[in-house]
Each structure stands twice: as C-alpha cells, then as structure tokens.
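*Asks:* Using only what follows, build the 3D model:
(chains A and B)
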Amino acid sequence: MQSVTGVSIADETAGPHGQSPLAGDGAGTGRLGDRLFGGAAIGAGAIVVGLVTLIGVFLLSQAIPSLMKNEANFLTSTEWSVGGEHPRFGILRLLWVTVLSSLMALAIAVPIGIAVALFITNYAPKWLSKPAASTVDLLAAVPSIIFGLWGLRVLGPHTDGIQNFLRDNLGWFPLFKETTVGSSTTIFLAGIVLAIMILPIITALSREVFAQTPPTHKEGALALGATKWEMIRTAVLPFGKPGVISAAMLGLGRALGETVAVMILISSLAQGTAFSFSLFDGGETFASKIALGAGEFDTPQKTGAYIAAGLVLFILTFIVNAIARIVIERRKAFTE
Amino acid sequence: MTAITNDFPRDHSLAEPRDLDLGGKSGGRALKNSIATFVMWAAFAIAVIPLVWILVTVAVKGGHLILDSTWWTNSQQGVTARREGGGAVHAIQGTLIQGLVTALISVPIGVLTAVYLVEYGRGRFARTVSFMVDILTGVPSIVAGLFIYAVFVNAFGFQRSGIFVCFALTLLMIPVVVRSTEEMLKLVPNELREAAYALGVPKWKTIFSVVLPTAFSGIITGVLLGLARVMGETAPLLILGPYTKAIATDLFGGNMATLPTMINQDRDQAVTLPAYDRIWAAALTLILLILLLNLLGRLASRFSKV
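*Replies:* Below is the predicted model of the structure:
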C-alpha cells in the first residue's frame, strides 16, 4: 500500500507469508560482485545515517558562535534582533506560535481523521472505500504554497465571522483575547489550514491500522449483540490506539515544520508588540521566521541566529517523530 | 431464522447479519449507532470539501490563462505586475529540471538503502538505518534547506544556485523512495529468491535480476509519488533558489525560476492586477503537473507483478 502522504507502517508489514524475506546469507558467495553490491547497499544505508547526523552537527556548529554573542536569553527572550554589535534574540515567541498553531491543527484533525479512517475501513460501501481513500490522499498532493494562497485569499475571509464571535463572546479566556491584528490572518486561521494539511497523514496511517483489526475481534463483538458503533468502540478503536497516537505524532511533526502556508497566512507583528497568549494574534513560527529571514542571511552572525532557530525546530520534530516511532514499535512487540 | 454458516462474511466491511433478529437493541443504543454512522459520513464530507474547494478555486481563477498558448511558450521576462501576458515556461522548465536532477540523485541512494534494509540488514545497524529513515521523513523542508545552506553556502562559500535546491530536495525525497521500495521488495515472493539461490545464482545477481525487476513497477510508483511531493516544495527554494523572470537552465550558477517561487513572488499582488491572475494560473499549472505525476504513479502500479 503506497500513499502520497509519505508515511506508512512499512516496518510492520511482513513478507508474503508472514515471515520477513529470506536473508540468503549463505548465498553471499564472497565473490567480487557480491562484495561490491552488498557494500553499495550498506553504503547507501550509511549515507542516510550520516545525513541525519550531519544535519544535527552542522546546524549546531554554526549556531554556536551566534549563540555565544547573543546578549539575551535564547530560550526565554521574546526579542529578535540578530544584526549589529549587540544581537538579542530568543525563541519564546516562535516556540509559542509554533506549538499553539500545531496543537490547534491537531485538535481539529485528529477527531476528523479518525472518523474518516473509520468511514473508509468500516462504513463506506465497498465501491466507495477505495476512491474515498485516494481522494483524501490527494489532499496530501496539494503543494503547501497553494494551501497558503487559498487560505489567505479564499478561506480567510470566511473565518471572520467565527473569529469575531469567539473574540467578542469568549474574550475573557486568554486564548481568545482581543489583539492588535485586525484581519483574519491569525494563528487561528493557520491552525485551520494546517489541520486540513495534516488530515491526509492522520487518515492514511489510522486507516492502515484499523484495517488490520483481526476480523475475529469484530465478529466476536457483533456476535455478542454489539451494534456497529459498539463493535468499533470495543474492538477497532482499542486495537488501533497506538497507531492513531503515532499518526497524530507524525501529523504534529508535519505541522510544526510547515513553512510556506504559515508564512503566508499569519501576519507579522511589529517589533516590540506585547506578548499575548491569544489565538487571534499574529507572529511567526520557527519555520516561517527562517523563510522570512532568508533575505537577511548576509553575515554568518545573522545566519547563525536563524540556524539556531532551525536547530530547535529540528530537535522538536526529531523528538515528536521518535515518539511516534517508539509507540508503533511497542505495538509491534505487543501484537507479535 | 437461518443458521450461521461458513460463508459468514469475513472481509473488513463486515455487515451485520440482517436476518438474525434477537429482539432488537434498546432505543438509546440504536440512536447512538445511528449518530455514529452519521458522524462518519459527515467527517468524510468535511474532508472532501477543502479539496474540491481548492481545486475549483484554482481552476476557475487560473483556467483562462493556461488555455492561452503563450502561457506554455513565453517567460515573464519584461512583464511587470501591471501588464498582461507572458507565460510560465521558465518556471515549468525550472521545476522539471530540478525535479529530474533530484530524482537522479535520490533514486539510487533510496533504492539501495531499501535493498539493504530488506535483503541484507539484520541487527543493530539495520535498525539504526530504519530509524534514521523515519527521522528523515520528519525533517521539515525548511530545515533541509537551512542545512544545505549551512554546508555549501556558509561553510564552503558557494553562491546559492539550483543544484543546492536539488540537494535539499534530495533529503526530502530519499525517505519516500526508501519506504515505498522497501514495501515493494517485501512483497516479492521468497520462492523467487529460493529458486534463484537453488540455481546457484549469487545473491547480488538474484537481487539485481530477479528481485528488483519483479518490484520494478512498484518502485516506479514510489519514485513518481516522491517526485510529486518534492516538486511542490517551496521552503528550501526560498532559502536556496532565488527567482528570476527569465528562462534559465544553468543549475550551477545564477537564479532559476520554479513554479512555487513564481507563485511566491507575486502572492501579495492586488486582486485587480494581471499578476494576480498569473499566480492562480501558476498554481493550476503546478497542481496539474503534480496530479499528472500521481496519475502516472498509480498507472504504473497497475502493471505491478507482485
């Protein structure tokens, strides 16, 4: 099963007869051809490991000089002025906007994604289930800049109503507080568009695990008189839980690193604007800050500051993806 | 009442046996069940709305421009935001060239890594490689761009150019190729390998002339889908590939236009200007290109032998 979402549980799918493919170790004859080809394969694997390591090493080594010159606290400052003799920059605001927009996207996309995956695996009539799956997959093929463009020019104005409603009626709640941003281009809008963007990832992976629910579990539930919904709640969902968690994590990773759509969607704030917890504020995420700053990469010191931000983003996505991986690994150990 | 026989449906779309009426469910449970069914259908509808909305928007706003033949033959050289005309051939060319070079670099590495993982890899190093592929899948595209910038521009002092965009895109494409190839290789029946070994064929030849050809169309599908993904990437291009309105085909020097950067260039233009229409036309061109790759990918999987 291949999908445009680029995520899969490939590691879990065993070979055709339930075993992993033959190692054929004895067939490696030690002849020149075998040594060359085997070497090339190991080399390619080493390249992949090397690349990830290099990303970490290079980002770190180029961020350090700038971090040493930084006169503000990198982790707790909300300032961002990277040039000149006295650079002062910190990531607190970037971190907040990144995490807030991604979590909002997750809060919208996970329930819908699970429901769509259940629809495809359990509810859709047979003729519809395959086309439905490819349709949702197609959403992942839309380039992010087009999501941004569409969100800004088409969807944005339609969200004015709900944004104003929340601001006016729930303004006492810190997340919905009034801010200086007048238009619809807020973290709120970015959260909605990000949710649409990660929906196919969450759906694709959840669908794969739901489809693997042992038929005997489902039949057992139905035989005991469960309705279809009760069968899903007692057999399908518990079985798919680890898969759904790792799907959500992968979606979160994608949302944290999304660049162009967010860059287009959220208005930048003027230097020195007071920090606000509100969803209706503007600002930048790590990724959009780096993309917007690309024109400023003229001295190593400035570039280094952005690279430091990129490093934090890399670590953040590394952790999130590693959790996704560990959850699925543990499920594997559990089901075998 | 009919007895339950062995032809009780065992597929995933397990239907409730209709004629097995054991007195019915209580109202509340039936209601919950109906609500759940409704919610599932509604969720699917919600998921489809944005896709249709985006496709229709782009087609309606950009359709008239791409029907004009100049769109496919001219560049934007000398065309300002206030003037009509010009085409996207410079950007289409750039996107295709960069995509092709990216594929040329990442396919060998990706396929070989997958061969390693499926045919050779056992033990700790294989698990590390597999883990790193997952991490690479999750590396944000902007970080990939930033990394290539840090290495080649910052550390080695090169100028920004198209080839570095390809390097950054390679980082994003490798994991897609690895994962899809891996899945296809796992589907190749062991009997084929055993037959080859039994004939005394060395391992590398077995992989090269039995396993890989059997999985070929599946690998092609993966490559095309991976290509579709990287061609729509914008973030690394913002850092590494400055836009130009002219036709430029030199990967190793100078600016080079691509469809995403063409859209990005004019995205803030006012609705009344001709440039505004050109953004949507460029967006439509990009979507069509990516849909075409997806379609070809799916077509290739039809010819799959496994």
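*Asks:* going forward, measure contacts between C-alpha atoms and count neighbours the same way
*Replies:* Fine.
*Asks:* low-scoring stretches of chain B, by residue?
*Replies:* B:1-25, B:81-82, B:305-306 (pLDDT under 70).
*Asks:* Where is the longest helix in it?
*Replies:* What stands out as the longest helix in chain B, according to DSSP state H, is helix B:27-66.
*Asks:* Please name every helix or strand in contact with that one.
*Replies:* helix A:92-118, helix A:126-141, helix A:144-150, helix A:187-211, helix A:228-231, helix B:274-302 (3 or more Cα pairs under 8 Å, 6 or more residues apart in numbering or on different chains; DSSP states H and E).
*Asks:* quick one, which of those is packed in tightest?
*Replies:* Among those, ranked by average contacts under mean count of other Cα atoms under 10 Å in any protein chain shown, first place goes to helix A:187-211 (a mean of 27).
*Asks:* Do any residues in the following helix or strand past it lie close to chain B?
*Replies:* Using DSSP states H and E, the helix or strand that follows helix A:187-211 towards the C-terminus is helix A:215-223. Yes. Counting by Cα under 8 Å from any Cα of the partner chain, chain B has neighbours in helix A:215-223: A:Pro215, A:Glu219, A:Leu222.
*Asks:* Flag every buried residue along helix A:215-223.
*Replies:* A:Pro215, A:His217, A:Lys218, A:Glu219, A:Ala221, A:Leu222 (16 or more other Cα atoms under 10 Å in any protein chain shown).
*Asks:* can you redo those as CSV with pLDDT and distance to B:Phe131?
*Replies:* CSV is the format used below for the buried residues of helix A:215-223 (pLDDT from 0 to 100; distance: Cα to Cα, whole Å):
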residue, pLDDT, distance to B:Phe131
A:Pro215, 89, 31
A:His217, 89, 31
A:Lys218, 89, 33
A:Glu219, 89, 36
A:Ala221, 90, 36
A:Leu222, 89, 39
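*Asks:* angle of the longest helix of chain B against helix A:92-118?
*Replies:* Here the directions of helix B:27-66 and helix A:92-118 differ by 110 degrees (axes from the mean of the first three to the mean of the last three Cα atoms, to 10 degrees).
*Asks:* okay, the angle between helix B:27-66 and helix B:274-302?
*Replies:* For helix B:27-66 against helix B:274-302, the angle by the same axes, to 10 degrees is 120 degrees.
*Asks:* just how off-centre is helix B:27-66 within its chain?
*Replies:* Counting by Cα atoms, centre = their mean, to the nearest Å, helix B:27-66 is centred 23 Å from the centre of its parent chain.
*Asks:* Regarding B:Arg267, what is its secondary structure?
*Replies:* coil (DSSP: H, G, I helix; E, B strand; the rest coil).
*Asks:* which residues does B:Leu238 contact?
*Replies:* A:Ala291, A:Ala294, B:Thr261 (Cα atoms under 8 Å, 6 or more residues apart in numbering or on different chains).
*Asks:* give me the number of residues near the last one?
*Replies:* Just to be clear, that refers to B:Thr261. Counted with other Cα atoms under 10 Å in any protein chain shown, the neighbours of B:Thr261 add up to 24.
*Asks:* same thing with A:Ile162?
*Replies:* A:Ile162: 11 surrounding residues under other Cα under 10 Å.
*Asks:* hmm, the helix or strand hosting B:Val101 touching chain A?
*Replies:* According to DSSP H and E, B:Val101 maps onto helix B:89-115. Yes. Counting by Cα under 8 Å from any Cα, chain A is contacted by helix B:89-115 at B:Ile109, B:Gly110, B:Leu112, B:Thr113, B:Val115.
*Asks:* got the angle for that helix vs helix B:274-302?
*Replies:* Orientation of helix B:89-115 against helix B:274-302 (the same axes, to 10 degrees) gives an angle of 30 degrees.
*Asks:* touching chain A at all, the helix or strand following helix B:89-115?
*Replies:* Once helix B:89-115 ends, the next helix or strand along the chain (criterion: DSSP H and E) is helix B:124-138. Yes. Helix B:124-138 reaches chain A (Cα under 8 Å from any Cα) through B:Thr128, B:Val129, B:Phe131, B:Met132, B:Val133, B:Asp134, B:Ile135, B:Leu136, B:Thr137, B:Gly138.
*Asks:* do stretch B:251-268 as well
*Replies:* Yes. Among the residues of stretch B:251-268, B:Pro260, B:Ile263, B:Asn264, B:Arg267 lie within reach of chain A under Cα under 8 Å from any Cα.
*Asks:* What confidence value was assigned to the closest residue to B:Arg229 other than its chain neighbours?
*Replies:* Leaving aside its sequence neighbours, B:Arg229 sits nearest to A:Ala141 (Cα to Cα, 6 or more residues apart in numbering or on different chains; 6.5 Å). What the model reports as pLDDT for A:Ala141 is 85.
*Asks:* Please name every helix or strand in contact with the helix holding B:Val101.
*Replies:* By 3+ Cα pairs under 8 Å, 6+ apart, helix B:89-115 packs against helix A:32-69, helix B:70-73, helix B:162-187, helix B:216-231, helix B:259-265.
*Asks:* and if we set it to 6 Å?
*Replies:* helix A:32-69, helix B:162-187 (3 or more Cα pairs under 6 Å, 6 or more residues apart in numbering or on different chains; DSSP states H and E).
*Asks:* Relative to chain A, which residue of the stretch 201-306 of chain B is the closest?
*Replies:* Taking Cα to the nearest Cα, chain A has its nearest neighbour within the stretch 201-306 of chain B at B:Gly232, 4.7 Å off.
*Asks:* so what's that residue up against?
*Replies:* By Cα atoms under 6 Å, 6 or more residues apart in numbering or on different chains, B:Gly232 lies in contact with A:Pro143.
*Asks:* Next one, pLDDT for the residue in the stretch 151-300 of chain A that chain B sits nearest to please.
*Replies:* Across the stretch 151-300 of chain A, no residue is closer to chain B than A:Gly257, which sits at 4.7 Å (Cα to the nearest Cα). pLDDT, A:Gly257: 88.
*Asks:* ok, it touching B:Ser141?
*Replies:* No. A:Gly257 is beyond contact range of B:Ser141, at 7.2 Å (criterion: Cα atoms under 6 Å).
*Asks:* quick revisit: now distance to B:Asn154 too, for the helices and strands packed on helix B:27-66, in TSV please.
*Replies:* Formatted as TSV, the helices and strands packed on helix B:27-66 follow (distance: least, Cα to Cα, whole Å):
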stretch	distance to B:Asn154
helix A:92-118	24
helix A:126-141	32
helix A:144-150	27
helix A:187-211	32
helix A:228-231	57
helix B:274-302	31
